[in-house]
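Trainee: Turn this into a model:
(chains A and B)
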Amino acid sequence: DAGITQSPRHKVTETGTPVTLRCHQTENHRYMYWYRQDPGHGLRLIHYSYGVKDTDKGEVSDGYSVSRSKTEDFLLTLESATSSQTSVYFCAISEPARGGRNTEAFFGQGTRLTVV
Amino acid sequence: RKEVEQDPGPFNVPEGATVAFNCTYSNSASQSFFWYRQDCRKEPKLLMSVYSSGNEDGRFTAQLNRASQYISLLIRDSKLSDSATYLCVVKTSYDKVIFGPGTSLSVIP
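Mentor: Numbering: from 1, shown residues only, chains lettered A, B, ... in the order given. Next up, the predicted model:
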């Protein structure tokens, strides 16, 4: 299995509190992604990073910020958690697709976040 | 319109049946295509990459039609262990990885 670790694996927090989820990789992959998964919506991209300090928004970025100060770590922050952010969060890593080579994404085991 | 769309499902099929999943994508500049499998409460895992020439892995066959922006997955001789959600995945020209909503498959004894 690809070396991806998400922490924490489970968290319950109160509305209005800040929350940071961490994704750590040991594969030295350039790209890192944060998704949320909710019933009826599948996996939706929140933010992704294409290098250290280089990030871009995904489909559902409102209410979330990210930082990548090292290749191996990608942090997702909910500045002020809301109940609508209760979800399962997945981190993924990938190498760039070049020269017709399909480069798959590998996933962490997910973080279950409950905002009460 | 969503970037990646799939058959809504769910699919309930008997063991031994053949089942086909369809997927369309909107970004014509997309460069890589995959089928992932996700079991309940687990992370998605790669089932197979998809190429224009078509590719087969045992009971699984994937096809890509770039002109129609269409991807398919065929599962032959379904097993109980094939029960899962199947996710169509597209990697764009900027290496964004976009998922379809998934199609649930239940294989029934």
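Trainee: how about B:V107, what does it touch?
Mentor: Counting by Cβ atoms under 8 Å, 6 or more residues apart in numbering or on different chains, B:V107 makes contact with B:V13, B:P14, B:E15, B:A17, B:S78, B:K79, B:L80, B:S81, B:D82, B:S83. No exception for glycine: its C-beta is placed from N, CA and C like everyone else's.
Trainee: Any idea how many residues pack against the fifth one?
Mentor: Same thing as B:S78. 21 (other Cβ atoms under 10 Å in any protein chain shown).
Trainee: Let me see the contact set for it.
Mentor: B:V13, B:P14, B:E15, B:G16, B:A17, B:T18, B:V19, B:L105, B:V107.
Trainee: Would you confirm that the second one contacts B:I108?
Mentor: Yes: taking Cβ atoms under 8 Å as the contact criterion, B:P14 and B:I108 are neighbours in contact, 5.4 Å apart.
Trainee: Okay, strands next: where are they in chain B?
Mentor: B:4-6, B:11-14, B:19-25, B:32-38, B:45-50, B:55-57, B:60-65, B:70-75, B:84-91, B:97-99, B:103-108 (DSSP state E).
Trainee: TSV for the ones you listed, including mean pLDDT?
Mentor: Shown next, in TSV, are these (pLDDT from 0 to 100):
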stretch	mean pLDDT
strand B:4-6	94
strand B:11-14	96
strand B:19-25	96
strand B:32-38	95
strand B:45-50	94
strand B:55-57	93
strand B:60-65	96
strand B:70-75	96
strand B:84-91	95
strand B:97-99	93
strand B:103-108	96
